[in-house]
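Asker: need coordinates for the below:
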Amino acid sequence: MNILIAADYSTPASGNFIGSLVDLGRDLKQNNHKLFFVFPESPNTVSEKSWVHWLENEEFKVYLTKHKDGEAALTFLREIIDKNHIDILHLHFGMFHRIILNNAKALGVKIFVHDHMEFNPKVSLAQQKVYCAVTSLKYRLNKINVICVNERKCKAYLFSKRFFIPNGISFKRNVTTFATREETRKKLGLKDNQKLCLLLGWHLHTKGIDIAFKAIEKVSKSNPDIVLGVVGHSGAPSDNSLNSIQEFTGVDPHSSFIKFLESTDDIFAYHKAADVFLSSSRTEAFPYSVLEAISQNTPLVMSDITGTDWAHSYNKAFVYPTKDYNACANAIEQALQLDRNAPSNSDEFIEKYSIENWCNAIKNVYESN
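Answerer: A predicted model of the protein is given here:
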């Protein structure tokens with residue numbers, strides 16, 4: 001069985017997603033299956049494509065393309081399918097989505113669309129459910145299967161063949177050192193008395209950057225040692241980005257309690273260095289970051305969204321009403337009172353959402369459909 005995974009993914013760091021694909025590829029390889037990849041060609045994957053080299057070093061064939069839509073993209077996709085005798089096409093993050101809707105049967109392969117998203121809080125939930133139902137009917141007519149990481153979203157695909165498979169945690173990262181807490185804090189320039197609240201903030205609205213900034217600003221008034229460490233797609237934002245951040249949040253991003261951190265493959269070291277991990281998202285399907293934080297026994301503050309319901313039973317978790325920055329601030333203060341090194345039930349989550357479970361679920365879907 002030859003499988004082509006096409007993903008609209010081009011961030012500098014490899015992330016849990018790429019690590020998961022490596023685990024999946026190794027597993028499939030042991031069962032005499034072959035895995036191929038397609039990613040968009042972009043500045044990141046051309047000049048900083050270390051994770052692409054990682055996949056290639058694992059002896060997986062990786063293709064890069066400038067075309068994600070249109071006739072050129074269709075020709076490119078057909079050539080790869082024909083050349084490598086592809087049996088299954090697995091799409092992530094909307095890659096080639098329009099192409100497969102119009103040409104699914106002509107491609108002559110089994111197709112899986114992987115939905116990594118939750119419903120958008122900016123749009124009517126009823127409208128989005130109707131859209132999913134209509135899309136699922138198109139999928140059904142074209143024999144396209146759906147894999148969802150969020151159970152509520154999965155149920156909305158009424159007519160298509162669908163599978164609910166939550167994300168799994170991979171501890172594999174490209175060029176990962178897994179530095180100690182002390183080493184990382186020193187590298188980040190943190191003082192011994194400072195408390196690091198870690199936030200992965202790659203999108204202002206989705207990740208609730210305004211809520212996080214306002215909450216930390218409030219906490220800083222009674223706890224001047226608090227620092228919000230914000231990890232984006234790269235390092236410090238440009239001046240234009242800083243202006244946009246201030247306009248959106250109403251908080252000066254140059255404030256002493258805000259620190260922008262470099263994107264890194266050693267994300268577990270960041271989680272270890274943190275005193276609290278903050279997930280202030282307005283919407284997410286199943287965030288890798290929350291699972292990664294739990295795996296490092298890190299106290300967790302998170303918004304009350306359906307995408308993180310599964311993490312409520314973590315006994316170092318504090319949940320606050322989404323978009324309520326006052327409640328978020330109170331939750332951060334409570335989390336800071338916990339003993340950072342006290343044991344937790346994190347092992348239960350690592351076992352339940354292991355990468356082995358994820359790989360087996362994906363493999364079972366491939367082999368049974």
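Asker: sec struct for residue 251, please.
Answerer: Secondary structure, DSSP: H, G, I helix; E, B strand; the rest coil: residue 251 is coil.
Asker: residue contacts, the nearest residue to residue 118 once chain neighbours are set aside?
Answerer: Spatially, and ignoring its direct neighbours in sequence, residue 118 is nearest to residue 285 (4.3 Å; CB to CB, 6 or more residues apart in numbering). Every residue, glycine included, has its C-beta placed from N, CA and C. By CB atoms under 8 Å, 6 or more residues apart in numbering, residue 285 lies in contact with 115, 116, 117, 118, 148, 149, 150, 153, 307.
Asker: is it possible to get CSV of these that adds distance to residue 220?
Answerer: Formatted as CSV, those follow (distance: CB to CB, whole Å):
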residue, distance to residue 220
115, 38
116, 34
117, 33
118, 31
148, 39
149, 35
150, 34
153, 36
307, 28
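Asker: ok, residue 119 - how many residues close by?
Answerer: Residue 119 has 21 neighbouring residues, counting by other CB atoms under 10 Å.
Asker: quick one: it is in a strand?
Answerer: No: read with three-state DSSP, residue 119 is coil and lies in no strand.
Asker: what sits closest to it if chain neighbours are left out?
Answerer: residue 128 (4.9 Å).
Asker: what about that neighbour, distance to residue 205?
Answerer: According to CB to CB, to the nearest Å, residue 128 and residue 205 sit 16 Å apart.
Asker: in the stretch 201-350 of the chain, which spans are helices?
Answerer: Taking DSSP state H, counting those that start in this stretch as the criterion, the stretch 201-350 of the chain contains helices spanning 209-222, 239-249, 267-273, 288-295, 325-336, 346-352.
Asker: which outside residues touch the fifth one?
Answerer: Surrounding helix 325-336, the residues in contact under the criterion CB under 8 Å, 6+ apart are 195, 197, 210-212, 214-216, 218-219, 222-223, 226, 275-276, 278, 280, 299-301, 303, 316, 318-321.
Asker: returning to that earlier point: more neighbours, residue 128 and residue 205?
Answerer: The residue with more neighbours, out of residue 128 and residue 205, is residue 128; 17 against 14, by other CB under 10 Å.
Asker: tell me which element that one is part of?
Answerer: Element membership for residue 128, per DSSP states H and E: helix 125-141.
Asker: can you find the helix or strand in this structure with the smallest mean pLDDT?
Answerer: Across the helices and strands of the chain, mean pLDDT, DSSP states H and E gives its lowest value to helix 43-47, namely a mean of 54.
Asker: ok, now which ones touch the residue nearest to residue 119?
Answerer: Residues near residue 128 by CB under 8 Å, 6+ apart: 119, 120, 156.
Asker: what pairs with residue 278 across the strands?
Answerer: Counting by DSSP bridges, residue 278 is bridged to residue 301.
Asker: these two touch, right, it and residue 213?
Answerer: No: using CB atoms under 8 Å, residue 278 makes no contact with residue 213, being 10.7 Å away.
Asker: between the two, which is the more surrounded one?
Answerer: residue 278 (32 against 28).
Asker: OK, contacts around residue 217?
Answerer: 251, 255, 257.
Asker: give me the neighbour count for the closest residue to residue 167 other than its chain neighbours.
Answerer: Excluding the flanking residues, the one nearest residue 167 by CB to CB, 6+ apart is residue 286, at 4.7 Å. Look at residue 286: counted by other CB under 10 Å, it has 25 neighbours.
Asker: measure residue 286 to residue 164 for me?
Answerer: For residue 286, the distance to residue 164 - CB to CB - is 10 Å.
Asker: any shared contact partners between the two?
Answerer: Both residue 286 and residue 164 are contacted by 149, 150, under the criterion CB under 8 Å, 6+ apart.
Asker: quick one: the strands in the protein, in order.
Answerer: Along the chain, the stretches classed as strands by DSSP state E are 2-7, 34-40, 61-65, 88-92, 110-115, 144-148, 162-164, 195-200, 226-231, 258-261, 276-279, 300-303, 317-320.
Asker: reformat those strands as a markdown table; add mean pLDDT and distance to residue 359.
Answerer: Output for the strands of the chain, formatted as a markdown table (pLDDT from 0 to 100; distance: least, CB to CB, whole Å):
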| stretch | mean pLDDT | distance to residue 359 |
| --- | --- | --- |
| strand 2-7 | 98 | 13 |
| strand 34-40 | 96 | 12 |
| strand 61-65 | 95 | 19 |
| strand 88-92 | 98 | 13 |
| strand 110-115 | 97 | 14 |
| strand 144-148 | 97 | 13 |
| strand 162-164 | 97 | 14 |
| strand 195-200 | 97 | 24 |
| strand 226-231 | 96 | 27 |
| strand 258-261 | 95 | 30 |
| strand 276-279 | 98 | 25 |
| strand 300-303 | 98 | 25 |
| strand 317-320 | 98 | 26 |
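Asker: figure out which of the helices of the stretch 201-350 of the chain is closest to residue 30.
Answerer: helix 346-352 (21.7 Å; CB to CB).
Asker: hmm, who's touching that closest one?
Answerer: Applying CB under 8 Å, 6+ apart, the contact partners of helix 346-352 are 169, 291, 294, 295, 296, 297, 311, 314, 316.
Asker: would you format those residues as JSON lines with pLDDT and neighbour count included?
Answerer: Shown next, in JSON lines, are the contacts of helix 346-352 (pLDDT from 0 to 100; neighbours: other CB atoms under 10 Å):
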{"residue": "169", "pLDDT": "97", "neighbour count": "21"}
{"residue": "291", "pLDDT": "97", "neighbour count": "24"}
{"residue": "294", "pLDDT": "98", "neighbour count": "26"}
{"residue": "295", "pLDDT": "97", "neighbour count": "17"}
{"residue": "296", "pLDDT": "96", "neighbour count": "18"}
{"residue": "297", "pLDDT": "96", "neighbour count": "19"}
{"residue": "311", "pLDDT": "97", "neighbour count": "20"}
{"residue": "314", "pLDDT": "98", "neighbour count": "24"}
{"residue": "316", "pLDDT": "97", "neighbour count": "22"}
